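S.K.: would you be able to build a 3D model of this:
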Amino acid sequence: AGNSKSSKSTAVPPGPPMYLDLVYIPNHSNRKNVDVEFFKRVRSSYYVVSGNDSTAEEPSRAVLDSLLEGKAQWDSNMQVTLIPTHDSEVMREWYQETHEKQQDLNIMVLASSSTVVMQDESFPACKIEL
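M.R.: Next up is the predicted model:
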């Protein structure tokens with residue numbers, strides 16, 4: 001009995017929504033840990049989307065689509081900002097293919113246009129004001 005797998009598993013069990021200011025999407029935005037139920041319950045003004053490994057399907061297109069589906073079920077049209085940590089083909093394709101739906105759902109995707117330079121390294125950065 002301990003080895004049986006349920007036919008439907010959800011990353012976040014059903015329940016009332018939680019409202020947060022900033023959420024880091026777990027496990028490099030991998031679809032094993034994040035689904036539509038996650039976005040229905042974990043409602044945030046800002047979501048950080050990590051992942052830059054196309055072989056591991058990170059970030060997952062299914063996770064990005066789950067954001068759209070979950071947000072469509074919210075009872076408000078609050079502004080949501082998606083903050084990708086890397087520029088990826090998956091993110092670019094998703095952005096272009098779903099741009100109209102993003103606008104309808106009041107979702108904005110930030111581009112990594114700023115760079116921080118510290119001693120011998122530089123990296124993209126984003127300033128968030130809560």
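
S.K.: which residues touch the residue nearest the centre of the chain?
M.R.: By C-alpha atoms, centre = their mean, the mean C-alpha position of the chain lies nearest to V49, the distance being 4.8 Å. By C-beta atoms under 8 Å, 6 or more residues apart in numbering, the contact set of V49 is 25, 29, 59, 63-64, 82-85, 91. Glycine gets a C-beta too; all of them are placed from N, C-alpha and C.

S.K.: export these as CSV, with columns for distance to T115 and pLDDT.
M.R.: Output for the contacts of V49, formatted as CSV (distance: C-beta to C-beta, whole Å; pLDDT from 0 to 100):
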residue, distance to T115, pLDDT
I25, 23, 87
S29, 22, 65
P59, 21, 83
V63, 26, 92
L64, 24, 94
L82, 20, 93
I83, 15, 90
P84, 15, 89
T85, 13, 84
M91, 18, 87
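
S.K.: CSV for these, including neighbour count?
M.R.: As requested, the contacts of V49 are exported to CSV (neighbours: other C-beta atoms under 10 Å):
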residue, neighbour count
I25, 26
S29, 29
P59, 27
V63, 30
L64, 26
L82, 20
I83, 19
P84, 26
T85, 20
M91, 21
